[in-house]
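A.B. asks: sequence and computational prediction follow.
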Protein chains: 2
Amino acid sequence: MIKVVLIGSGNVAQHLIQVFLQAKEVALVQAVARNPRPLAALLPMDKITNDYQKITEADVYIIAVSDDAIAEVAVQLPFNNRLVVHTSGSSDISVLQDNNRKGVFYPLQTFTKGKAIDFAKIPICIEAENEIDYQLLEKLGHSISQKVVSITSEQRKSLHVAAVFVCNFVNHMYHMGHEICEKNDIPFEVLHPLIQETAHKIMTLSPEEAQTGPAVRHDSKTIEKHLNFLEDSNDKQLYQLLTQSIQYVKKL
Amino acid sequence: MIKVVLIGSGNVAQHLIQVFLQAKEVALVQAVARNPRPLAALLPMDKITNDYQKITEADVYIIAVSDDAIAEVAVQLPFNNRLVVHTSGSSDISVLQDNNRKGVFYPLQTFTKGKAIDFAKIPICIEAENEIDYQLLEKLGHSISQKVVSITSEQRKSLHVAAVFVCNFVNHMYHMGHEICEKNDIPFEVLHPLIQETAHKIMTLSPEEAQTGPAVRHDSKTIEKHLNFLEDSNDKQLYQLLTQSIQYVKKL
C-alpha cells in the first residue's frame, strides 16, 4: 500500500484524488488545500486540511498546484528527507526543496473541469533522484495507468513544447474551422469525422506520411483561392505561414 | 436500385467503388478510367472501360478525379440531360457541363491509400439543381452513410478552407510534436492519448471552451521558455503567430 498525501485543489488535484481513491494499491491518507471547498465532494472533511503543521506521514507527497506555486508550497512542508514530487510538465525537478527527496509525477493529459478522464491510458512521466524513489513512483504510476515512462527534466521541457503543438495549437485549428463553419451556416459536426480520422491516422502513420491537402501538393491555385476567402489579415497570415511550414518539411 | 457509373481510378474513386459494391440499394454498373489497372482488383474487367463511347446508361455518373481534370472529363461524356456529379470539395458545381444535369456528391473525409474507411460516419455533402436529382443523391448518400448534408457550392468553398485547418494544419502540428519528440529521444506514442483526447473534447465542448495552455493563460514566462527552446526561426515564428492568434480570439 502506497500512502499518498495530495496537495492542491485544482483540476489536476481533483482528478488525481478521484483516481487514487479507486486505486487498490494506494491509500490517499490526506489532501492539503488552502481552500478545501472544491474537495468537499470528493473526500470526508477529516481527510482535508489547510494547515501544513497537521500534515500526515506518507510515502509520497504530491504537489498538484499551478507551476508558479510549487516552490512556495514545497518550502512550507514541515519535514525532511521524505519523497516530494510535483505534477507539472513545465517545471524542473529542482523547483522542489533540497531538504526532501525530489521527484516528478506528470500525467501527460489535458484536464477539463468536470470531464471524466480514463487514467488507464494516460502516460505518467516520472523522474526521481534515486532508484528506490523511482520504483515507488513507477508502482504508483502503474496503480492508475498502463503506461509509465521515464522522462528527465530536460526531456520534459521538450515534451511540454510538443504538447502545446499537438494540443493547444491543434485546438486552435479546430477553433478556426469552427469559426468558418459558423460564419457560413454549416454545422461544425460535419467536420467531426474528419477531425477524428485525422487524429486516428497518426496512430499508424507518421504525420509526414499522413499529410494531404493543397500545401503538400503545392496546389497554388487552391491556396490562392483559400487566401482570398479568408478576410481577416491575421487568418491569412496564419494560413500562409502554416502552408509554408508544411512545404518546408517536405523539401528537407 | 440506383444505377451508378463511376469515373476515375484514384483514391476517392477506389474507396467509392468499394463502398458502392457493398451498398444494397446501389448497382455499380461500370467504372471508367484512362488507366484501369488500379481498379482491376476491385471489379471484373468487363465492368471497366477506358472508352467514353462505351459508357453505360445509369441514373448518376460520378466523376471522382482530381479537381483539375473534372471539366475535361465532363466535356467527353457522350450524352445529354443525365445526372452528372463530381466529388470535389473545392470545385464549383459549374465546372460540369450544361448539357447534363449537374450535382455534387462530396464525401468529407481524408482518404489515405490502403487505409480502410468506415463510410457510415462520413458526412456526404450533396448539391443538385433540382429537387428530383437532390432526392436521388440523398438516397445514394444514405445508402453508404448515416449523415447526408445539403451544402451549396458557396458553403462548400468555406467548408474546404475549414477542412484544411482541422485536417492538414492539425496534421502539421502533429508533425511539429513528432519532430520535437524524435530530437529528444521521446517516443511519439507518449503524445497519442493527448492527441486523441484533444480531438474527442471538441465533440462535446466548443474549441473556445476546450482551450488550455500557456497562450490562453497569457503565461508569458512559459511562452518565452518555449520560444527559447525552439531553435529553428520558422518554428519560433509559427509558435509566436499561433500564440497571438489564440490570444486574439479570447480578446474578442
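C.D. replies: Ah, there it is.

A.B. asks: tell me which stretches of chain A form strands.
C.D. replies: Using DSSP state E, the strands of chain A run over A:2-7, A:26-32, A:48-49, A:60-63, A:83-86, A:101-107, A:124-128, A:148-150.

A.B. asks: for A:Cys181, give me its contacts.
C.D. replies: Applying Cβ atoms under 8 Å, 6 or more residues apart in numbering or on different chains, we find A:Cys181 in contact with A:187-188, A:190-191, B:158-159, B:162. No exception for glycine: its C-beta is placed from N, CA and C like everyone else's.

A.B. asks: repeat that for A:Lys225.
C.D. replies: Contacts here follow Cβ under 8 Å, 6+ apart; on that basis A:Lys225 touches B:90, B:157.

A.B. asks: distance between the ends of stretch A:214-222?
C.D. replies: Distance across stretch A:214-222, first residue to last, is 6 Å (Cα to Cα, to the nearest Å).

A.B. asks: which positions in that stretch come out as buried?
C.D. replies: Of the residues in stretch A:214-222, those buried under the neighbour-count criterion (16 or more other Cβ atoms under 10 Å in any protein chain shown) are A:214-217, A:219, A:222.

A.B. asks: avg pLDDT for it?
C.D. replies: Here stretch A:214-222 scores 92 as its mean pLDDT.

A.B. asks: show me what stretch A:148-157 is in contact with.
C.D. replies: Residues external to stretch A:148-157 that are found in contact with it (Cβ under 8 Å, 6+ apart): A:89-90, A:92-94, A:104, A:106, A:123-127, A:134, A:138, A:141-142, A:159, B:184-187, B:190, B:225, B:229.

A.B. asks: can you show me the CA trace of it as PDB?
C.D. replies: As requested, C-alpha coordinates have been extracted for stretch A:148-157 and formatted as PDB (Å, rounded to 0.1, in the frame of the first residue of the first chain):
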ATOM      1  CA  VAL A 148       4.600   4.800 -17.100                       C
ATOM      2  CA  VAL A 149       7.500   6.500 -18.800                       C
ATOM      3  CA  SER A 150      10.900   7.700 -17.500                       C
ATOM      4  CA  ILE A 151      11.300  11.300 -18.600                       C
ATOM      5  CA  THR A 152      14.100  13.500 -17.400                       C
ATOM      6  CA  SER A 153      13.500  17.200 -16.600                       C
ATOM      7  CA  GLU A 154      15.300  18.100 -19.900                       C
ATOM      8  CA  GLN A 155      13.100  15.800 -21.900                       C
ATOM      9  CA  ARG A 156      10.000  17.100 -20.100                       C
ATOM     10  CA  LYS A 157      10.800  20.600 -21.200                       C
END
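
A.B. asks: low-confidence stretches in the stretch 1-150 of chain A?
C.D. replies: A:114 (pLDDT under 70).

A.B. asks: can we see that at 80?
C.D. replies: A:110-117 (pLDDT under 80).

A.B. asks: which bits of it sit near chain B?
C.D. replies: With the criterion set to Cβ under 8 Å from any Cβ of the partner chain, the stretch 1-150 of chain A comes near chain B through A:67, A:90, A:108-112, A:115, A:117, A:121-123, A:125, A:147, A:149.

A.B. asks: at 10 Å instead, please
C.D. replies: Counting by Cβ under 10 Å from any Cβ of the partner chain, the residues of the stretch 1-150 of chain A close to chain B are A:11, A:66-68, A:89-91, A:107-112, A:115, A:117-123, A:125, A:145, A:147, A:149.

A.B. asks: of those residues, keep whichever come out buried.
C.D. replies: Taking 16+ other Cβ under 10 Å as the criterion, what is buried in these is A:11, A:66-67, A:89-91, A:107-112, A:117, A:119, A:122-123, A:125, A:145, A:147, A:149.

A.B. asks: A:Gly141 is in contact with A:Phe105, correct?
C.D. replies: Yes - proximity of A:Phe105 to A:Gly141 meets the contact threshold set by Cβ atoms under 10 Å, at 7.0 Å.

A.B. asks: give me the common contacts of the two.
C.D. replies: A:124-126, A:148 (Cβ atoms under 10 Å, 6 or more residues apart in numbering or on different chains).

A.B. asks: out of the residues you listed, which one sits closest to B:Arg34?
C.D. replies: Nearest to B:Arg34 among the shared contacts of A:Phe105 and A:Gly141: A:Cys125, at 52.6 Å, using Cβ to Cβ.

A.B. asks: once you drop chain neighbours, what's closest to the closest one?
C.D. replies: Using Cβ to Cβ, 6 or more residues apart in numbering or on different chains and skipping residues adjacent in sequence, the residue nearest A:Cys125 is A:Ile151, 3.9 Å away.

A.B. asks: the one you found and A:Asp68, how far apart?
C.D. replies: Counting by Cβ to Cβ, to the nearest Å, the gap between A:Ile151 and A:Asp68 amounts to 22 Å.

A.B. asks: buried subset of the contacts of A:Cys181?
C.D. replies: The neighbour-count test (16+ other Cβ under 10 Å) applied to the contacts of A:Cys181 identifies A:188, A:190-191, B:158-159, B:162 as buried.

A.B. asks: tell me which of those is nearest to A:Asn50?
C.D. replies: For these, the minimum distance to A:Asn50 (Cβ to Cβ) is 42.7 Å, reached by A:Phe188.

A.B. asks: pLDDT score for that closest one?
C.D. replies: Predicted confidence (pLDDT) at A:Phe188: the value is 97.

A.B. asks: my guess is it contacts B:Ser206. True?
C.D. replies: Yes - A contact is recorded between A:Phe188 and B:Ser206 when judged using Cβ under 10 Å, the distance being 8.2 Å.

A.B. asks: shared neighbours of the two, anything?
C.D. replies: A:174, A:178, A:182.

A.B. asks: highest neighbour count among the residues you listed?
C.D. replies: A:Tyr174 (25 neighbours; other Cβ atoms under 10 Å in any protein chain shown).

A.B. asks: once you drop chain neighbours, what's closest to it?
C.D. replies: B:Pro207 (4.1 Å).

A.B. asks: for that neighbour, the count of nearby residues, please.
C.D. replies: Other residues close to B:Pro207 by other Cβ under 10 Å number 22.

A.B. asks: that one touches A:Phe188, doesn't it?
C.D. replies: Yes - in this structure B:Pro207 lies within contact range of A:Phe188 using Cβ under 10 Å: 8.7 Å.

A.B. asks: list just the nearest of the buried ones among the contacts of A:Cys181 to B:Gln196.
C.D. replies: So of these, ranked by how close each gets to B:Gln196 (Cβ to Cβ), first place is A:Leu191, at 16.6 Å.

A.B. asks: report the contact partners of the closest one.
C.D. replies: Going by Cβ under 10 Å, 6+ apart, the list of residues near A:Leu191 reads A:174, A:177-178, A:180-181, A:198, B:108, B:123, B:159, B:162-163, B:165-167, B:202.

A.B. asks: could you redo the last one with a cut-off of 6 Å?
C.D. replies: A:177, B:166 (Cβ atoms under 6 Å, 6 or more residues apart in numbering or on different chains).

A.B. asks: so what's it scoring on pLDDT?
C.D. replies: At A:Leu191 the predicted local distance difference test score is 97.

A.B. asks: buried set for stretch A:224-236?
C.D. replies: In terms of neighbour count (16+ other Cβ under 10 Å), stretch A:224-236 has its buried residues at A:226, A:230, A:235.

A.B. asks: equivalent analysis for stretch A:146-159, please.
C.D. replies: Going by 16+ other Cβ under 10 Å, stretch A:146-159 has these buried residues: A:147-149, A:151-152, A:155-159.
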